[in-house]
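okay, here's the prediction I keep looking at, along with the sequence it came from:
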Amino acid sequence: MDYGDEKVIIDLKDGDSGEILFTDKDGKQATYYPSHSIWLDVQTLEVLTVLNEPAEGAEPSIGRRLRGVAVLEDRSISVVGDPRSKSRRLTISFDPGDWKSKPAPEGEAALSSLDTQLGGAMLSFSRADWEIGNDDEWWIACYLPPAFIDSLIADVRSGQLYAVKLSLSLRGLYTSSHHWEPVSARGDLFIRPNREDNSLSFPDMARGYVRAIHFSSSPRDLRRPEPADVVEPSSEEEFRVEEPDPMATAITALAMRVDQLRSTIKWVGGFIVLALLFVAGSGR
């Protein structure tokens, strides 16, 4: 469905343990369980320069952010009750933001507070809107410390960025597999429709924080070069006598004979000159 289409409301109920129960038009039921952690690989990134809204009495300031495409690892995401929204690709953005840790919970929930909180994160799905010309879009917005954003922007601009991988911990995310099932059987991811009326027009938003992010520059080989191996000649190569080239031998011999002939002509010519001088002197 697109923005502006007739509102579609699905049959969705909340369970006793945080799960949600969906019943389709044919009466078939499906259960979706809470899921929090996802991993993504960032495929593309570009730097955007924007003008920030000015404070009262001040000029607009220049801001920079990153936008690109990320892919979920080995699973897809969709809106419960809307299989057409299924996708693995999400638009992702990185914006500078102030880091604020949440209060440490008490009791059993304290175990989850051991996760690192690096910045805020949001995930949701936007419907296509023909009036402004945008398509259906899954998106993630991450808000990280400005120093980290600056470092990431520098690597993108220099062309040295090699890979970006991040993990998010989100509330409002669900999966089709129970948490007792093995990791190899993990199901796809889902977000619920609008929480107020279960309509598909404006799906719910999953909110949380960035738990881990890694980016690496172009790899370099830091190992010292190994010395070249000395190639020992084989026994056949060591005692092999190269046979002379017949053509080269003939040319060399001919050159030696020409040199000898030149020397002979020089000596004979000298004797002839002396003889002529002697005859000329005797005639006088």
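Happy to help now that I have it.

neighbours of residue 175, how many?
By the criterion of other CB atoms under 10 Å, residue 175 has 21 neighbours. The C-beta positions use only the backbone N, C-alpha and C, and glycine is treated the same way.

in the sheet, who's paired with it?
On the basis of DSSP bridges, residue 175 is bridged to residue 33, residue 189.

next one, pLDDT for it please.
Model confidence at residue 175, given as pLDDT, is 92.

next, residue 195: secondary structure please.
Three-state assignment for residue 195 (DSSP: H, G, I helix; E, B strand; the rest coil): coil.

pull the contacting residues for the closest residue to it other than its chain neighbours.
Using CB to CB, 6 or more residues apart in numbering and skipping residues adjacent in sequence, the residue nearest residue 195 is residue 204, 5.0 Å away. Taking CB atoms under 8 Å, 6 or more residues apart in numbering, we find residue 204 in contact with 124, 172, 191, 192, 193, 194, 195.

buried members of these into PyMOL, please.
Applying 16 or more other CB atoms under 10 Å to the contacts of residue 204 leaves a buried subset, and the PyMOL line that selects it is:
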select buried, resi 124+172+191+192+193+194
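
need the contacts of residue 204 in CSV with pLDDT and distance to residue 67, can you?
Shown next, in CSV, are those (pLDDT from 0 to 100; distance: CB to CB, whole Å):
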residue, pLDDT, distance to residue 67
124, 95, 16
172, 94, 23
191, 95, 21
192, 94, 26
193, 94, 27
194, 91, 26
195, 90, 28
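
could you dump the contacts of residue 204 to CSV with distance to residue 32?
Below are the contacts of residue 204 laid out as CSV (distance: CB to CB, whole Å):
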residue, distance to residue 32
124, 16
172, 11
191, 10
192, 8
193, 12
194, 16
195, 14
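
in which helix or strand does the residue nearest the centre of the chain reside?
By CA atoms, centre = their mean, the chain has its centre lying nearest to residue 163, at 3.8 Å. Using DSSP states H and E, residue 163 sits in strand 161-175.
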